[in-house]
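Trainee: next comes the sequence, and after it the predicted model I'd like to discuss.
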Amino acid sequence: MSSIQPVSDLTAHIGFWLRMVSNHVSHAFADKLADKRVTVAEWSLMRALYGKEPTPPSRLADEMGMTRGAITKLADRLIAKSLIAREASARDGRAQTLTLTDRGSNLVPDLAALADRNDAEFFECLDADERKALERLLRSLARRRRMTAFPIG
């Protein structure tokens, strides 16, 4: 006769709670961005370009922890929306760079305000010390586990 092994409850895992909160925060932010016709991934690329000189896609891929192909797909979508431009590099005509258009540059502060509002809505129930402690713990965990890729999905 086989015995049933004890199995931990789903909610007994810290990862469960991180994912629950993360999913709700991310979904609410995605909804806010959808009103501006931008995805979270597109916002991440736009924010990475904000205030920068024209930047090679390969450098963005490295900075964001993404593949060059993923950067190209995002760039193509943003180019179609007239939010970024692809140009031949001034140094090497064969290489390309990405830069925000004026329209894209003007939109980034509005999208950043949505990100700020989303954070405030979700974390206003924590006092300042709790918010700082949560951020410190999450940053520490990301650093220790060498997590560098942008969370865009």
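Mentor: Alright, I've got the coordinates.
Trainee: C-alpha only now, for contacts and for neighbours.
Mentor: Will do.
Trainee: where in the chain is pLDDT low?
Mentor: 1, 153 (pLDDT under 70).
Trainee: show me the strands in it, by range?
Mentor: Ranges of strands in the chain, per DSSP state E, are 84-88, 96-100.
Trainee: how about a markdown table for those strands, with distance to Asp9 added?
Mentor: Shown next, in a markdown table, are the strands of the chain (distance: least, CA to CA, whole Å):
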| stretch | distance to Asp9 |
| --- | --- |
| strand 84-88 | 47 |
| strand 96-100 | 47 |
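Trainee: please identify the deepest-packed of those strands.
Mentor: strand 96-100 (a mean of 22; mean count of other CA atoms under 10 Å).
Trainee: CA atoms only: put that strand into PDB for me.
Mentor: Provided in PDB are the C-alpha atoms of strand 96-100 (Å, rounded to 0.1, in the frame of the first residue of the first chain):
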ATOM      1  CA  GLN A  96      22.400  51.300 -36.800                       C
ATOM      2  CA  THR A  97      21.300  53.200 -33.700                       C
ATOM      3  CA  LEU A  98      18.000  53.700 -32.100                       C
ATOM      4  CA  THR A  99      16.700  57.000 -30.700                       C
ATOM      5  CA  LEU A 100      13.400  58.400 -29.400                       C
END
